[in-house]
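> I would like the atomic coordinates for the input below:
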Amino acid sequence: MNQILPLESLYDDNPAAEEETQSFVTFRLGSEWYGVSVKDVREIVRMPLIVTLPSLPFSILGIANVRGDLLPVIDPKRILELPALDPSVHSRLIVLTSNGMEAGLLADEVAEMIPAPVSHLEPPLATLNANLLSYVESVCKWQDRLIAIFRVSTLLDFKERRTVCQK
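Residues are numbered from 1 along each chain as shown. Have a look, this model is predicted:
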């Protein structure tokens with residue numbers, strides 16, 4: 001027997017659960033866009049004074065005092081083999097924390113926090129250099145940008161860093 005439903009039941013006033021999202025802080029390195037999970041970001045600060053030290057891994061530019069904490073400063077351009085740019089008024093230090101480790105990540109500009117639907121996250125491109133694959137967790141298309149999402153735990157693993165991009 002066919003059941004006749006009222007017309008109102010065709011309109012969903014109570015939408016199904018929305019798609020799960022992950023939030024990322026997006027930033028620019030040169031002309032390329034990157035992101036890190038919001039859960040791994042302690043704060044974003046203007047560029048502090050960075051002091052260089054001898055015998056640091058290649059991707060560690062030096063150390064900086066951020067609110068009384070001495071933090072290693074990671075230059076992701078060295079990891080990604082991107083050309084270095086002098087800091088500008090838009091440059092920021094993204095203070096990352098993961099698994100009890102903390103460090104500052106240099107960014108040419110911090111753009112925004114985005115809530116990316118999980119379905120928009122894709123594995124890193126197969127064309128990515130094999131040495132760099134461990135640093136990129138996923139890729140996300142957001143508006144007109146393609147954003148590579150860093151794996152923060154790998155960025156903060158300074159033992160592994162000694163073997164990557166040594167020049």
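> the residue lying closest to Val136 once chain neighbours are set aside: how many residues sit nearby?
Nearest residue to Val136 in three dimensions, chain neighbours excluded: Pro124, at 4.3 Å (Cβ to Cβ, 6 or more residues apart in numbering). Where C-beta positions appear, they are placed from N, C-alpha and C, glycine not excepted. For Pro124, the tally of surrounding residues (other Cβ atoms under 10 Å) stands at 17.
> next: Pro117.
Neighbours of Pro117 (other Cβ under 10 Å): 13.
> beta partners of it?
Thr21 (DSSP bridges).
> find the residue at the geometric middle of this protein.
Nearest to the mean C-alpha position of the chain, by Cα atoms, centre = their mean, lies Val36 at 2.2 Å.
> helix or strand with the lowest mean pLDDT in the chain?
In the chain, no helix or strand scores lower on mean pLDDT, DSSP states H and E than helix 158-161, which sits at a mean of 57.
> give me the phi and psi angles of the residue nearest to the centre of the chain.
Taking degrees, to the nearest 10, you get phi -140, psi 150 for the backbone angles of Val36.
> so how far is Ser98 from the closest residue in space to it that isn't next to it in sequence?
Leaving aside its chain neighbours, Val36 sits nearest to Phe150 (5.1 Å; criterion: Cβ to Cβ, 6+ apart). Look at Phe150 and Ser98: by Cβ to Cβ, to the nearest Å, they are 11 Å apart.
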